[in-house]
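Student: Okay, predicted coordinates and the sequence, questions at the end:
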Amino acid sequence: MTLSGQSALVTGGNRGIGLATVKALAHAGADVHYTVRSQTALEECSRSLRAIGATGHLADMTDPDAMVRVFHRRFDILVNNAAIIGPIGRILDVTLADWAVNIQTNLTSAFHATQLALRHMLGKGGGTIINVSSGAAHRPQDGWSAYSAGKAGLAMLTRSVHMEYGGAGIRVFGLAPGVVDTDMQGTIRASGLNPVSQLPRSSLAPTDQPAAAIVWLCTPAADALAGAELDIRAPDLRAAVGLPTLA
């Protein structure tokens, strides 16, 4: 799966699925860029990723001006990965302000990045956008009203982009990565609020599995699935990507 000659941006690329995706895209030959929210994280990632040639950008997804500066570079691939889980709490136990921050981060900021990416992609005749989705977009979990609502909105954004621009060469996908061993899952376990929080860490998938699926979606092999909301646990998708069969 070669992506030589293509440039990619991964939002929130300094840890978890984002970091694994940066590495996988670079391994496939792409010129990879990623965003981080703090100078400390940028310096740490710059040192660790220097060998693969990935380029970091200090930019909070919720800062429109910062994202405009990032998109002065033109990207053929956008991976909307940056997300937060909180606030975790039942509807009457969370604040309006915290709930709104989640929607701003997980949905509105992904919409803005999509807008910025489309302007270049349409001018060159096409591009790929991958929205990192969640099973929570379709199945609510106790205490996750903000996260579930934001991911449900992101799933509809995927369908909207496909409807409006699929005919112009824009390939867009939603990918639910399953329950993956990330810092976010640590926060979920600490909450103890729903069945996901009870899963043992040993049952969680490694980050390289969704990263491999994202790379595969960036190739023509995935063309027939454009516009779809995909679940990495689906046997056909796992076989196509080359992931091991689930027990």
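Tutor: It's in.
Student: neighbouring contacts of the helix or strand of the chain with the lowest mean pLDDT?
Tutor: Every helix and strand in the chain was compared by mean pLDDT, DSSP states H and E; the lowest is helix 183-191, with a mean of 85. Contact partners of helix 183-191, identified using C-beta atoms under 8 Å, 6 or more residues apart in numbering, comprise 15-16, 83-86, 88, 143, 179, 196-199, 201, 204. From N, CA and C alone the C-beta is placed, and that goes for glycine too.
Student: switch to 6 Å and redo it
Tutor: Contacting residues not belonging to helix 183-191 are listed as Ile85, Ile88, Val196, Ser197, Leu204 [C-beta atoms under 6 Å, 6 or more residues apart in numbering].
Student: and what of stretch 50-59?
Tutor: 22, 26, 32-36, 42, 45-46, 66-67, 70.
Student: re earlier: what separates the least confident helix or strand of the chain from the chain centre, distance-wise?
Tutor: Chain-centre distance of helix 183-191: 18 Å, with C-alpha atoms, centre = their mean, to the nearest Å.
Student: Asn80 and Lys151: what is the separation?
Tutor: 11 Å (C-beta to C-beta, to the nearest Å).
Student: which one of these two has more residues nearby?
Tutor: Just comparing Asn80 and Lys151: by other C-beta atoms under 10 Å the higher neighbour count belongs to Asn80, 29 against 25.
Student: what bridges to the more buried one?
Tutor: Asn80 has these beta-bridge partners by DSSP bridges: Asn131.
Student: OK, contacts around it?
Tutor: Shown in contact with Asn80 (C-beta under 6 Å, 6+ apart): Thr11, Ala110, Ala113, Asn131.
Student: residue ranges of the helices in the protein, please?
Tutor: Along the chain, counting by DSSP state H, helices occupy 16-27, 39-49, 64-70, 96-103, 109-124, 145-165, 183-191, 208-217, 235-241.
Student: mind giving me TSV with the ones you listed and columns for distance to Ala136?
Tutor: Formatted as TSV, the helices of the chain follow (distance: least, C-beta to C-beta, whole Å):
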stretch	distance to Ala136
helix 16-27	15
helix 39-49	25
helix 64-70	25
helix 96-103	12
helix 109-124	15
helix 145-165	4
helix 183-191	11
helix 208-217	15
helix 235-241	19
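Student: Figure out which of the ones you listed is closest to Leu175.
Tutor: Among the helices of the chain, helix 208-217 comes nearest to Leu175, with 6.0 Å by C-beta to C-beta.
Student: Buried residues of that closest one, list them for me.
Tutor: The neighbour-count check on helix 208-217 (16 or more other C-beta atoms under 10 Å) flags Gln209, Pro210, Ala211, Ala212, Ala213, Ile214, Val215, Trp216, Leu217 as buried.
Student: go on, stretch 63-79?
Tutor: Ala66, Met67, Val70, Phe71, Phe75, Asp76, Ile77, Leu78, Val79.
Student: quick one: which of these is nearest Asn102?
Tutor: Set against Asn102, the nearest of the buried residues of stretch 63-79 by C-beta to C-beta is Met67 (17.8 Å).
Student: Would you mind measuring from the residue positioned nearest the centre of the chain to Leu193?
Tutor: A centroid search over the chain (C-alpha atoms, centre = their mean) returns Asn81, at 2.2 Å, as the residue closest to the centre. Counting by C-beta to C-beta, the gap from Asn81 to Leu193 is 24 Å.
Student: for Arg139, same thing?
Tutor: 15 Å.
Student: Please apply the same query to His120.
Tutor: Applying C-beta to C-beta to His120 and Leu193 gives a distance of 41 Å.
Student: Perfect, that will be all.
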